[in-house]
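[1] next come a sequence and a model predicted from it.
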Amino acid sequence: MDYVVAIDQGTTSTRAMVFDRAGSIVAMDQREHRQIFPRAGWVEHDPLEVWENTRAVVGGALGKANLDAKRIVAVGITNQRETTVVWDRATGRPVHNAIVWQDTRTQAICDELAGAVGPDRFAERTGLPLATYFAGPKIRWILDHVDGARDRAEGGELLAGTMDTWILWNLTGGPDGGVHVTDVTNASRTLLMDLRTLAWDEAIAAEMRVPVAMLPEIRSSSETYGTCQPGILLDVPVAGILGDQQAATFGQACLEPGMAKNTYGTGNFMLLNTGEEIVPSANGLLTTVCYRLGSAAPVYALEGSIAVTGSLVQWLRDNLGLIRDAAEVETLAASVDDNGGAYFVPAFSGLFAPHWRPDARGALVGLTRFVNRGHLARAALEATAFQTREVLDAMNADSGVPLTELRVDGGMVVNDTLMQFQADLLGVDVVRPRVAETTALGAAYAAGLAVGYWSGPSEVTANWGEDRRWSPSMDPAERARLYRNWKKAVQRTLDWVDADTP
């Protein structure tokens, strides 16, 4: 048998996974990388550490599967989408740490670009509001704040890209002929690509002061970009790239308009396939590219992006010491019957969809002497479900077709308490697939389709299978009461950041 390798470069770790033709996991290796917090609101990664981890996990996964490059037909890449790196094309050295999607340092740049028009100034062309989330302002910040970077960029010495581009460039040779390419899904998260032409918008790039020459070529999500040179995967084609949430959508086989998935990871991301139609949002969602297979027409999506969900559990562990490991949060939450009246709004980086309020900050409200550790753990889990409900309401309003079930994936879907509460709060079934690692699987499918390992999307659909389903059992009046209190809690987080806040 032959196999496909997927590289999943995520926010907290990098994984390599080997998949067979049935879409089953043969082997996996994973390494975490450091989370760097230079100051409040700033989040960085070391690109060289990420690349070294990538090399290590690819070797680790192949070793566990007892395979070499001759048995691998293609490599796919999926990545944390908006995290941005700028590097020297001659040496491969980054000029600054990668600025992570959660980072808020570019708010002043976004405000300047919005001007009197407001944050939707470029939304008609890009599908996105001007927000710190996206990659273009991060490139601008690096060029503005690293000595000599702007002159070097304009002189053709520097390259820029999201993490897919960084990994691909290094896989295919780096300074010795590395391929400088991104795909349409990642490009659609920069605030620099026109959704209709699928090309860099030179007028927006000029306004943002980002030289187009330093940006990667935009290609489809499923085609051969180059071959691995040199290393353990020598001469294996790299043939698929999808931003992580689009990869999860593909891995969940949400390939028909109206199908949706929600990924529960560091943050939460719900995508609704809208087919070949670009659907602008009137309710705080993003319009984005879902995928493009080779020369076929692009498929679009509506997306609701939530900044903090799984990372809130990480915060309880690392910052408060409330739990020893992430799995313990469910045990602690299950020790109480409800949240005890406590609501936790984790607006650590402001609020993303559907609010888009950079002035918000986290709040824990409704506290009484009755509240204990179990209630806090439960409130943290419930925050994920409440934020998902807000996004689903917006998605139903934009699409005009209420969802009847939600496919879920990501690390948090092993938490039965959370999944049952999610179904109760949404009032629809929540469905987990047999292969929960749908992000890596989606990247593997994109690469395998490009080289003929799978014959077409119908095989992707045939491989998908249901593992478990949670159905709502909560009284509708109780559902309404809990959600009403959550809405009140969200209001308490707004207008916290003043003009003189550092």
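    That came through, no problem. Residues are numbered from 1 along each chain as shown.

[2] how about the residue of the chain most remote from its centre, phi and psi?
    For the chain, the largest distance from the centre (CA atoms, centre = their mean) belongs to Arg369, which lies 37.8 Å off. Here is the backbone geometry of Arg369 (degrees, to the nearest 10): phi -60, psi -20.

[3] and it, how far from Gln420?
    As judged by CB to CB, to the nearest Å, Arg369 and Gln420 stand 28 Å apart. In this view, the C-beta of every residue, glycine as well, is placed from N, C-alpha and C.

[4] and Val308, by the same measure?
    Distance from Val308 to Gln420, by CB to CB: 22 Å.

[5] which residues touch the residue nearest to Ser471 when sequence neighbours are not counted?
    Residue nearest to Ser471 in three dimensions, not counting chain neighbours: Asp429, with 5.2 Å by CB to CB, 6 or more residues apart in numbering. Applying CB atoms under 8 Å, 6 or more residues apart in numbering to Asp429 gives the contacts Thr404, Glu405, Leu406, Ala423, Arg469, Trp470, Ser471, Pro472.

[6] let's see 10 Å
    Going by CB atoms under 10 Å, 6 or more residues apart in numbering, Asp429 touches Leu403, Thr404, Glu405, Leu406, Arg407, Ala423, Arg469, Trp470, Ser471, Pro472.

[7] Val308 and Gln420: who's more crowded?
    Val308 (27 against 17; other CB atoms under 10 Å).

[8] wait, that one sits on Ala347?
    Yes. Assessed by CB atoms under 10 Å, Val308 is found in contact with Ala347 at 7.5 Å.

[9] any shared contact partners between those two?
    Common neighbours of Val308 and Ala347 (CB under 10 Å, 6+ apart) are Gly362, Ala383, Gln387.

[10] of these, which is the nearest to Ala74?
    Gln387 (35.9 Å; CB to CB).

[11] what's the closest non-adjacent residue to that closest one?
    Closest residue to Gln387 in three dimensions, ignoring its sequence neighbours and counting by CB to CB, 6+ apart: Ile306, at 4.7 Å.

[12] cool, Ala123 as well?
    With CB to CB, 6+ apart as the criterion, Ala123 has its nearest non-adjacent residue at 5.9 Å, and that residue is Pro129.

[13] what about Gln314, helix or strand, and which?
    If you go by DSSP states H and E, Gln314 is part of helix 310-318.

[14] show me what counts as buried in that helix.
    Gly310, Ser311, Leu312, Val313, Gln314, Trp315, Leu316, Arg317 (16 or more other CB atoms under 10 Å).

[15] for stretch 373-387, same thing?
    Within stretch 373-387, the residues scored as buried using 16+ other CB under 10 Å are 374-387.

[16] rebuild those residues as CSV, extending it with secondary structure, distance to Arg189 and pLDDT.
    Output for the buried residues of stretch 373-387, formatted as CSV (DSSP: H, G, I helix; E, B strand; the rest coil; distance: CB to CB, whole Å; pLDDT from 0 to 100):
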residue, secondary structure, distance to Arg189, pLDDT
Gly374, helix, 38, 93
His375, helix, 37, 94
Leu376, helix, 33, 92
Ala377, helix, 32, 91
Arg378, helix, 33, 92
Ala379, helix, 31, 94
Ala380, helix, 27, 92
Leu381, helix, 28, 92
Glu382, helix, 29, 95
Ala383, helix, 24, 95
Thr384, helix, 22, 94
Ala385, helix, 25, 95
Phe386, helix, 25, 97
Gln387, helix, 20, 96
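
[17] for the helix or strand hosting Leu332, name the packing helices and strands.
    Using DSSP H and E, Leu332 sits in helix 328-333. Applying 3 or more CB pairs under 10 Å, 6 or more residues apart in numbering; DSSP states H and E, one finds that helix 328-333 makes contact with helix 310-318, helix 373-399, helix 416-426.

[18] hey, least reliable of those by pLDDT?
    Note on the helices and strands packed on helix 328-333: helix 310-318 shows the lowest mean pLDDT, a mean of 89.

[19] what's the offset of it from the middle of its chain?
    Its chain's C-alpha centre and that of helix 310-318 lie 17 Å apart, by CA atoms, centre = their mean, to the nearest Å.

[20] and the helix or strand where Val289 lies with helix 373-399, angle?
    Counting by DSSP H and E, the element that carries Val289 is strand 286-291. Counting by axes from the mean of the first three to the mean of the last three CA atoms, to 10 degrees, strand 286-291 lies at 80 degrees to helix 373-399.

[21] next SSE after strand 286-291?
    strand 299-306.

[22] pLDDT averaged over that next one - what is it?
    93.

[23] what lines up beside that strand in the sheet?
    strand 268-275 (antiparallel), strand 286-291 (antiparallel) (DSSP bridges).

[24] can you say which of these is packed in most?
    Mean neighbour counts were taken over these using mean count of other CB atoms under 10 Å, and the top value, a mean of 26, falls to strand 286-291.

[25] any idea of the mean pLDDT in it?
    95.

[26] distance from it to the middle of the chain?
    12 Å.

[27] next one: stretch 490-499
    Counting by CA atoms, centre = their mean, stretch 490-499 comes out at 25 Å from the chain centroid.

[28] for stretch 447-459, same thing?
    Averaging C-alpha positions (CA atoms, centre = their mean) puts stretch 447-459 24 Å from its chain's average.

[29] got the CA coordinates for that stretch in CSV?
    The C-alpha coordinates for stretch 447-459 follow below in CSV (Å, rounded to 0.1, in the frame of the first residue of the first chain):
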residue,chain,number,x,y,z
ALA,A,447,-3.0,16.2,-1.7
GLY,A,448,-4.2,12.7,-2.6
LEU,A,449,-6.8,14.0,-5.0
ALA,A,450,-4.2,16.1,-6.8
VAL,A,451,-2.0,13.0,-7.6
GLY,A,452,-4.9,10.6,-8.2
TYR,A,453,-4.6,8.6,-5.0
TRP,A,454,-8.3,9.3,-4.5
SER,A,455,-10.4,9.5,-7.6
GLY,A,456,-12.6,12.4,-6.6
PRO,A,457,-14.7,14.1,-3.9
SER,A,458,-17.1,11.2,-3.8
GLU,A,459,-14.5,9.0,-2.2
